[in-house]
Structures are given as structure tokens and as C-alpha cells.
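In: What would the 3D arrangement of this be:
(one chain, ligands or ions: 2)
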Amino acid sequence: MKDIKPNDIENNIPLATQRGPKNVVEVRGRQFGGKDLAIVAGPCTVESRTQIRDIAEQIKEGGANFIRGGVFKPLTFPYGDPLKKQDSDGKSTFGDYEGATLPYDEMFKRAEERLSYFAEVGREFDLPVVSEILYAETREMMEKYVDVFQVGCRHMFNCDLMKALEDTDKPVMLKRHPGTSLRDLLGVVEHLKARGKDDVVVCERGIVTPYTHDPNARWITDVQAIAALNEFAPTIPVLFDPSHATFKRSYSNPMSRAAVAAGADGLMVEVHNDPENAWIDPLNAIDGKEFAKMVKQVRHIAEVVDRGQ
Ligand code: PEP
Ligand code: MN
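Out: Ligands and ions are numbered 1, 2, ... in the order given. Modelled structure (predicted):
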């Protein structure tokens, strides 16, 4: 474990560890690091217009202020590519093809189709759209539709992607890889800031320890990282993702409550209109009802801990 040392603060990560109030990141009237908690919710994968619209309606009602959804999925294994599946609207049946995964040009085309109706739904419900970028060459295409670029945990060291994101005027939400130290995460923030990219938000999404696997959970929630980031990097908004941190539906709310109590500036949580049948991550998605309960509870906790005071 590489701790953050005074030498790092002075010489390696001076911009990431600047002292001062939160650098509030504004997106279409919503904020990361502002007085209100940023609540980003939505499915792991945008599956169809009907699905994303239903979810948008539920999360809006439940108190979300951003919507999330992936159109490219990193996936641990290539099988089960969400873009291979049939759109439940029945409009975009993509048909069969050979091989484990789609050719890239086909994948990009289908991703754009999904992003375009995702963006329409985001506008309809006044929820800024957060979506993960996986391929640097898709940045310009994605910019037409997304409000915030999510960088998945597998990509925090992807120089090509970071280079592509230095020049976007959309904020970047950077997820911490489960095997990295906070020093390494802040090193990536430093790379972005040193090149003038200032609207960066980080997201804690669970770490690896030897005792976290089935039947309990895939990762473990590092609540302490939230306090540490607020101490060492006080200007950078910090989100918490309970869904990937735990990989277990029933832990999503309790860990979110813990994270907000520890000082998280918001949550990014997977919510689905039919959680058990979600294309990807059916084990961790919660439904709209549970989401609404969670939001009520975490907002209450935020008040108790004097958030934004
Ligand atoms: C996600 O948020 O959709 C995701 C894939 O998360 P992570 O990069 O943290 O695994
Ligand atoms: Mn997921």
C-alpha cells in the first residue's frame, strides 16, 4: 500500500491535493460537490428506449439528479455482450452473427443508436446523462449525447483515453480501480489537472481484499477512502458507487448510508425496472422503490452530518 507522503503532496500531486473548498462541478444546473448530494442512478446497460424511459421515470420520482447507463460495457469476459441482445422494444432486433463479440464498427453503430435515445430521455426528465467511454475514438460521437464522461475502473491508467478526455468540455468522472492506492488515483487526477482538465470527479467503487468473494460480495466497500480523499484532496468531489463496490443488491443501501455519513458528495447507483433480469449486473441492481427509500435515508443522513455547511 502506497500511502500519500508529504513528498507526494509537494512534488507529485500538488494540484490534486490543493487546499480549499470543493471545486463544484456544474452540469446543466446540477452539481457534483455542491450543497446537495449528487445522486446518479440508472441501469448498468441501456437496453431499450422503453427500459431507460421507465427507469428515468422511477429515479426522477425517487430523487435522482443525474441518470447513468452504459452503451459500451467493459465486461470481464467477452460473452454476453449486451449489444448482441435483442432490444425489448422489438424495434432494433440486431440479428445473429458469428463469434463471441461484435465487430467494433457494428458495436459503435449500435452504441450510438442507444445513446441517441438515452440522451432524449435524459432531456425529457431533465436528468444529465452519465455514460462510460471505453474507446478514445468514440469521444466525439459520445460528446453529442452525454453530459458527463465516466471512466471505468479498468481505464484509470489508459493514457489514450485520458488524452482524448483532456480536450472535452464535459466533466470526467473517474472511477478508482479496485487494486489501486489513493496515491495512484490522485496521480491520474494530477495528469488531467496538469493538462488543464479541471472538472474532474472521482468515484470510489470497492477494493480487493482476500475475504470478500462469494457468497458475500465481489469487492469490499472502502468507506475510509472517502474520508481520506476529503482530507488529502479536499477540492475534488467524491462519489460512491455501492453497486459495484458490493456487487450485492441488499448491501447497496446500507453501504450508501455509510458512504454519505463518511462525507461522500454523492452516489452512483445501479437501478433497474426489472433488476433480476438486467442484461448486465442483475445481482446488484435495486428497483425504483428501494432506490426512493435509499435517497430519502441518505439525504436525511446528509443533514445529520451537516453536509454543505
Ligand atoms: C459501471 O459503472 O458501469 C462499471 C462498469 O463500473 P466499474 O468500472 O467500476 O467496474
Ligand atoms: Mn454494472
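In: use CA for all of it now, contacts and neighbours both
Out: Will do.
In: which stretches of the stretch 101-250 of the chain form strands?
Out: Here the stretch 101-250 of the chain has its strands, by DSSP state E, counting those that start in this stretch, at 129-132, 148-151, 172-175, 200-204, 238-240.
In: Mean pLDDT added to those strands, as CSV?
Out: Shown next, in CSV, are those (pLDDT from 0 to 100):
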stretch, mean pLDDT
strand 129-132, 98
strand 148-151, 98
strand 172-175, 98
strand 200-204, 98
strand 238-240, 98
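In: who wins for proximity to N7 among those?
Out: The minimum distance between N7 and those falls on strand 200-204, with 22.3 Å, by Cα to Cα.
In: what residues are up against the closest residue to K170 other than its chain neighbours?
Out: Distance criterion Cα to Cα, 6 or more residues apart in numbering; nearest residue to K170, sequence neighbours excluded, is V148 at 5.6 Å. Contacts for V148 (Cα atoms under 8 Å, 6 or more residues apart in numbering) come out as 27, 128-131, 170-173.
In: Buried only: go through the residues you listed for me.
Out: 27, 128-131, 170-173 (16 or more other Cα atoms under 10 Å).
In: Pick the one among those closest to L192.
Out: The closest of these, once distances to L192 are taken by Cα to Cα, is V172, at 9.5 Å.
In: hmm, back to that, got CSV for the buried ones among the contacts of V148, with distance to P14 too?
Out: Listed next are those as CSV, based on distance: Cα to Cα, whole Å:
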residue, distance to P14
V27, 26
P128, 31
V129, 31
V130, 28
S131, 29
K170, 23
P171, 20
V172, 19
M173, 20
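In: that older thread, closest one of the contacts of V148 to ligand 1?
Out: Within the contacts of V148, the smallest distance to ligand 1 is 8.0 Å, found for S131 (Cα to the nearest ligand atom).
In: Look up how far G42 lies from that closest one.
Out: 10 Å (Cα to Cα, to the nearest Å).
In: Give me the common contacts of the two.
Out: 68-69.
In: Report the contact partners of the closest residue in space to G152 that isn't next to it in sequence.
Out: Counting by Cα to Cα, 6+ apart, G152 lies nearest to K175, which is 5.4 Å off, once chain neighbours are set aside. Residues in contact with K175, defined by Cα under 8 Å, 6+ apart, are 150-153, 156, 202-205.
In: Kindly identify which of those residues also come near ligand 1.
Out: Among the contacts of K175, the residues that sit close to ligand 1 (Cα under 6 Å from any ligand atom) are 152-153, 205.
In: Which stretches in the stretch 1-150 of the chain count as helices?
Out: 6-7, 49-62, 104-124, 139-143 (DSSP state H, counting those that start in this stretch).
In: mind giving me TSV with those helices and columns for mean pLDDT?
Out: Converted to TSV, these look like this (pLDDT from 0 to 100):
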stretch	mean pLDDT
helix 6-7	88
helix 49-62	97
helix 104-124	93
helix 139-143	98
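In: what about K5, how many neighbours?
Out: K5 has 11 neighbours, counted by other Cα atoms under 10 Å.
In: Tell me, what's the model's pLDDT at it?
Out: pLDDT, K5: 88.
In: Ligand 1 contacts on the stretch 151-300 of the chain?
Out: Counting by Cα under 6 Å from any ligand atom, the stretch 151-300 of the chain sits next to ligand 1 at 152-154, 175, 205, 244.
In: Please identify which pair of those lies farthest apart.
Out: The widest separation within those (Cα to Cα) is 12.5 Å, between R154 and H244.
In: Who has more neighbours out of the two?
Out: Comparing R154 with H244 by other Cα under 10 Å, the one with more neighbours is H244, at 28 against 16.
In: list the buried ones in stretch 8-19?
Out: For stretch 8-19, burial by neighbour count (16+ other Cα under 10 Å) applies to 9, 12-17.
In: Could you work out the end-to-end span of that stretch for me?
Out: Start and end residues of stretch 8-19 are separated by 14 Å (Cα to Cα).
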